[in-house]
Structures are given as structure tokens and as C-alpha cells.
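> Build me a model from this:
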Amino acid sequence: MPGSASTTHRPEGLIERLRSAAADGGEAKLKVLRELKNQIIGNRTKKLSYIKLGAVPSVVSILSSASSSVDCLLIQCAATIGSFACGVDAGVKAVLDAGAFPHLINLLSHSNEKVVDAGARALKMIYQSKAAPKYDFFQHKNIEFLISLLDKNNENVTGLGASIITHSCETNNEQKILADAGVLKKLINLLQGTTSQRESSLESFATIIKQNPEVITKFVGPENSTTFGSLLELTKDRYPRTRLLACICLTLIKNATSSSSSSYLQSVGIRTKLILVLLELVDDFGQVGDEALFTLSSFIEHEEDLQKLAFEANTVDKLCHQMQKESLQAKRLEGIFTTLGSLCSNLEPCRSIVLQSPKALIIITDALTHTTTDVRVAACICLKNVSRSVKYLSAGHFMTEAVIMPVIQLLYDASTSVQVAALCTVSNLVVDFRTHKSLFIQSGGVKQLVELSKSMDSTVKLNAVWALRNLMFLVDSRCKEEIFMDLKLFPLTRLISDSNACVQEQALGLVCNLVNGPVDSIMYLFTEGLLLNTVGRELRRASKPQVLVQAMYVMCNVASGKEFEKEAVMQQLVNEDDNNQSIIVTLLQSDVASLRTAVVWTVVNLTIPTGAGALARVVKLRNAGVVSQLKNMVNDPCLDVKLRVRTALGQSMTFGDFST
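From the prediction side, this is the model:
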């Protein structure tokens, strides 16, 4: 009847038939499984619909109860389960919750190769998802199982083995276990197989060697020329993804090893070839092209010579042209900004091309408001590196509302990674040129920097204080006062005494910039006497050289002031009532040249002979052992220290020779 036929073809009807088929013969089961599989293949909506109706447990029930001799039923069950798992995490979860995994594993040992293949295909679908179960490679039985998969002739089975590695191997110890068990060698052998085997093996190979110099040196080093040659040959493969994966492996080898253990990659010819291959792959506007951008960025990121090779290959022009295309996907934009950021980190010609492009800077700044977090981060980093151009920065090219306002807005972003990227960009934009800082201050940027300097996130706090330090550098008195009023005294003293030495360093650098310049600036340190006392306390208790250097330069700047300021510094550095060695002598004996330089500069400022209290200060310094210590430093290995020591001694001798 028409009514019953309609009911039969509805999802509910098919589910009812599926459940009742468990009691029927094999033919009924096969028929309903085929119908279900055909309905859900490539149809995410129907997959989710049938999952909600409970189809997966019914299919798994048929699989678990099927006789091992009914091969066609086993194949159909595996294919249906694989379809549910393909591309849908909810499907993978449903399959695993229904207990399908062990039954599919059992199919791998079946006598019928078609059943084995169907089971392997379904498991590969599961292993495309992060929800797939991880294998513990510290258990020997799991290593044996993995090797048994890689030894099979079936490409779906070997592909499953490779997928398990890619999904489960996460630590250096796991990488070493797999490599020592001979897994790398088996993957290398599979590079001679089918396209599917090559690509899955390259992915797993990359997983095992990633950031592991020990494994690379042992199994892929110069003595393993065949492995390296195979990877290099695959960069010429006809299939784009194979070429990409080979480039990824070679990039990982370069990045994880020293120049001596990756000598094959020192050849300019090979390096240029890899850059050209990746640039060609970038023209693919799919996943391959997106991944090629990130691989290229990783390949050139930390080496200026490689950045120059990429520049000579017209990479910047190509990326500037690509970013102007309409409707670019988020991943493509992120990749372009990331690669441009790497290129512009060191090379002024790269920055010039970006800044001379009619639309590039507009596109980068527009991307600061992109809906995707990773794009905002990448655009920020790109802007930061482009703004390293002294020529354009000093001309006020970036200190415009079009650039500053979206950057300030990112300081309020909900994402910590975006905030950190924006803070790093701000540090660049405000670092040096006093005539262009007022726009940032007037736009409310300082208030949010101050707020972020109180963050519980140590990276946010550090970069906020760093940005404030740079903003304070060479700023005029009016702006300096505005910044100090927003920052306030007590929060600043807390930052100077922060538990994080890096935060202390930047906070003291901020204070150093605060008191640098007009003599009146020094008076900020004497507000209620707190700041100078806080700096002095850190000099006496800090152990990190970078903190001591910055604290000493604060003292040095204050010691350049009037008599009152000089005497205040003396009180901090020379305690006549203390029987212990003076802190200033201890610091002069430091192994850190930059610290010795800062201390001697301070002594120079304290012993300038024109002041009314100069003689008294020199006497105090002599009694504290400072003059004697300076005489021991006349041949200091650091030229800067040696020159300042002679100046300090010369000024001290103005009042007579204190030799004993």
C-alpha cells in the first residue's frame, strides 16, 4: 500500500527495519544495511539524523553477531560504520560509544582480504577524528600490533597504521620508542608504494621526527643519505600533496637539527629548490596551498639567509598580489600574513614592498577586525614586523587612526593570544619617535595598557609593561606626566617587585625611561620616597642580572641630577653603618659586563667634581672600597667598562690621591 511504502522509506521506518533485521536472515540485513549506507554517504544531515535515531548501535549489533563466514555482511557493516564516522565527529563518538572499535580491529585478522580492507577503511575514517582512541606506545603489544599493520601489503591497512602514529604519537619519548622499534625504517620503505601509502607514511614520518633532533640525527642524518634522497626526490612528485608533505619533512629536519647534522640542507641550491616548490604549491587555493604557506613560513622563519632567498624568488610580490584577491578563506589569509611576517622580520626591502603596495597595509589593518582569532593574531604579527621599518616608522606612517585604533581595540580582545600579539605590535609602534606618540595616548591606549599590566596572565602582564616602557622612551614631559598619572605610583612599585624577573626588568626599564631626560623627570622617583626605595631594595635582593642592570641604570639616571638626587643614590648604594661589603662593590665585581658598565656609569655621575658635595661623596666611596675596586678594574676585559673606570678614577683623583 502507498501509505506503508512511504513509512518504509522514512528514517524512522528504515530504523525499524534495521532493528527487526537482526532476527531475520542475512539477506534482509544486507538489504537494509546497503540502503542505510547509500542514504548517509556524503550527506552530513542524514548522518546526524540517523545517529539521533539510534542507527549506529543497531549496525554494531549486527556486526558483533554476524558469523565470521558471512563475509559480505561483515563488509557491509564495516562500510556503514565507516560512513557514519567519515567527516563527522558526532559519528565517530557514536561509533565508539556503540563498541564498534574492537569488532573492527578483529576484522583486520580475517582470512578474507576484502573483509580486512573494509575494516581498515572504517578504522581509517575513525582516525581522521581527534576523538579516535590513542595507542599507548609504551606497551610492547601496541608496538607489535602497529608493526604488523605496516608490514601488510594492503594499502588501507598500512595507511591505518600510519594514521594511528599521526594521531597517537605526541611526546619525544614516544617518538624515540617508535624510531627505535624500526617504525621509521618501515615508513621509509613505504615511500616507494602507492600514492596513498606515500602520503600517509610522510605524515607519520613528520610526526615521529617533529622537534626531535635525537631521532633525526640517528635515523635521517648525513649517514642516512638514502632517506634524505628519497624525501628530496618526492618534492618532484606529480601529486601536489606528496610534494608538500616531502617539503614539510625536510623543513622539520632543518628546524630541529644543528647545521652540522643537517648538512644536506646547507646547500643553497637545495634550499632555493624547496622555496620554489613551496611557492608553486601556494598557487593551489585549497588545503595544499594553505599548508604550503605555513610550511614556507616555518622554513624561513629564523634564518635571514633563507628570507633573502625567498625575497629573491619574488615571494613578497606574490603574496601581496594574492592577498588582494576577493573572498579569501581565513586559513589562506592567516598563512599569507604569517609568511609575510617572517619575511619582514629582518629584511627592509620586504617591508618596503609591502608598504609601497597600494592596498597591502589597508588589507593587513582591516584584518585586525577579522572574525577569526588566528587571522587577527597573524595580521598583528605581520603589522609588528612591517613596522620595524625605521624609515616609515619615523615618518609617522603607522601612527594614524587607521592603524592605531584597531590595534588599541585588540587590547580589549577576548582572546589572550590576540592581546599578546597586539601588545607586541604596540611596543613596536611606540618605541622611538616622540612626535607621534600623542595619538596613542589620546586614544585611550595607555589606560588599557595599565589595566593589562595587572593581568593574572604572566605573558599579558609582561608585554603590557614592555609596551609602557617603550611608550615612555623619549616621550615629552606632558605625555610622560599623563602616562605616570594613569599608571599610578603603587601599581608601579608592585611591578618592580613582581615575582617574575622579566616583568621586573621591563618595569625598571620603564622607570629608567621615566627619569631620563629633563632633570625635573627625576622627581617622579621621590614621590612619597617610594619608587627610589623600591628600586634600591631590588638592587640588594635581586639575583637576575637583567633586573640588576635595569635597577642600576635607574640609579645612574638619578645620579645625573642635582645634589639632592646624588645624595639619595649614595644612601641607597653606600651604607656606612653596615659592616658588610657595600652593594656597589659587590656589583662592580659581577661577571656580567653590562652590569659592571651600569655601576661604573653611576660612579661617574656621583663623582663629577663640580658639585658642592662631590668631595664628601668621593670620601664615602673610598671608605666603602669603591675606589680601590675601580683601580682593580683598569684593565677590565670589557672596553666600555675600562673607559668608564678611567673616567671615574680621574674624577676621584681631582680631590687627591687616595692610595694607601
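
> Any figure for the gap between L53 and V282?
Distance, L53 to V282, by CB to CB, to the nearest Å: 44 Å. In this view, the C-beta of every residue, glycine as well, is placed from N, C-alpha and C.

> okay, those two: which has more neighbours?
More neighbours surround V282 than the other of L53 and V282, with 24 against 15 (other CB atoms under 10 Å).

> residue contacts, the more buried one?
By CB atoms under 8 Å, 6 or more residues apart in numbering, V282 lies in contact with G289, A292, L293, L296, K318, Q322.

> Based on its surroundings, how many neighbours for the closest residue to H110 other than its chain neighbours?
Spatial nearest neighbour of H110, excluding adjacent residues (CB to CB, 6 or more residues apart in numbering): V116 at 5.4 Å. The number of residues packed near V116 is 21, by other CB under 10 Å.

> correct me, but V116 touches L107?
Yes - contact criterion CB atoms under 8 Å: V116 and L107 qualify, at 6.4 Å.

> So the closest residue to V599 other than its chain neighbours versus T597, what's the distance?
Spatial nearest neighbour of V599, excluding adjacent residues (CB to CB, 6+ apart): L587 at 4.7 Å. Per CB to CB, L587 is found 11 Å from T597.

> With F84 instead?
From F84 across to T597, the span is 69 Å (CB to CB).

> Name the residues of the helix or strand hosting N38 that come out as buried.
Assigned by DSSP states H and E, N38 belongs to helix 26-40. With burial defined by 16 or more other CB atoms under 10 Å, the residues of helix 26-40 counted as buried are K29, L30, V32, L33, L36, K37, Q39, I40.

> Stretch 546-564 too?
Those would be 546-561, for stretch 546-564 by 16+ other CB under 10 Å.

> again, but for stretch 538-545
With burial defined by 16+ other CB under 10 Å, the residues of stretch 538-545 counted as buried are E538, L539, A542, P545.

> Tell me which of the residues you listed fall in helices.
Among the buried residues of stretch 538-545, the subset assigned to helices under DSSP state H consists of E538, L539, P545.

> ok, residues contacting the helix or strand hosting D305?
Applying DSSP H and E as the criterion places D305 in helix 304-312. Applying CB under 8 Å, 6+ apart, the external contacts of helix 304-312 come out as 268, 271-272, 275, 296, 299-300, 342-343, 345-347, 349-350.

> right, and the helix or strand after that helix?
Toward the C-terminus from helix 304-312 - assigned by DSSP H and E - lies helix 315-323.

> Kindly spell out which helices and strands sit in contact with whichever helix or strand comes after that next one.
Note on helix 315-323: by DSSP H and E, the next helix or strand toward the C-terminus is helix 330-344. When contacts are defined as 3 or more CB pairs under 8 Å, 6 or more residues apart in numbering; DSSP states H and E, helix 330-344 sits against helix 287-300, helix 304-312, helix 315-323, helix 348-356, helix 373-386.

> For the last one, what does the pLDDT average out to?
Average pLDDT, helix 373-386: 97.

> quick one: it to chain centroid distance?
Put simply, helix 373-386 sits 12 Å off its chain's centre (CA atoms, centre = their mean, to the nearest Å).

> Excluding covalently adjacent residues, which one is nearest to I362?
Of all residues not flanking I362 in the chain, A402 sits nearest, at 7.7 Å (CB to CB, 6+ apart).

> Can you give me the pLDDT of the one you found?
Reported pLDDT for A402: 90.

> any idea how far it lies from L449?
From A402 over to L449 the distance is 20 Å, taken as CB to CB.

> Could you do A313 as well?
Relative to L449, A313 is positioned 39 Å away (CB to CB).

> okay, those two: which has more neighbours?
Under the criterion of other CB under 10 Å, the comparison of A313 against L449 puts L449 first, with 26 against 15.

> Could you say which helix or strand holds that one?
helix 445-452.

> So which elements touch that helix?
helix 401-410, helix 416-429, helix 458-472, helix 477-487.

> now do 7 Å
Helices and strands touching helix 445-452, by 3 or more CB pairs under 7 Å, 6 or more residues apart in numbering; DSSP states H and E, are helix 416-429, helix 458-472, helix 477-487.

> on that earlier part again, quick check, nearest of the buried residues of stretch 546-564 to T242?
Nearest to T242 out of the buried residues of stretch 546-564 is Q546 (CB to CB; 47.6 Å).

> For the residue sitting nearest the centre point of the chain, which non-adjacent residue is closest in space?
The residue lying closest to the centre of the chain (CA atoms, centre = their mean) is S417, at 9.6 Å. Closest residue in space to S417, ignoring its immediate chain neighbours: V377 at 5.3 Å, by CB to CB, 6+ apart.

> Could you report the neighbour count for that neighbour?
As a burial measure, V377 scores 24 neighbours (other CB under 10 Å).

> and L33, what does it touch?
If a contact means CB atoms under 7 Å, 6 or more residues apart in numbering, then L33 has V59, Q76, C77, T80 as its contacts.

> Among those residues, name the ones in helices.
The subset of the contacts of L33 located in helices under the criterion DSSP H comprises V59, Q76, C77, T80.

> Enumerate every residue touching the first one.
Meaning V59. V59 neighbours (CB under 7 Å, 6+ apart): L33, C77, T80, I81.

> try A131
By CB under 7 Å, 6+ apart, the neighbours of A131 are D89, V92, K93, L96.

> now K46
Applying CB under 7 Å, 6+ apart, the residues near K46 are Q39, I40.

> mind running it again at 8 Å?
Counting by CB under 8 Å, 6+ apart, the residues that K46 touches are P11, Q39, I40.

> Just give the nearest non-adjacent residue to the second one, would you?
Right, Q39. Closest residue to Q39 apart from its sequence neighbours, by CB to CB, 6+ apart: K46 at 5.5 Å.
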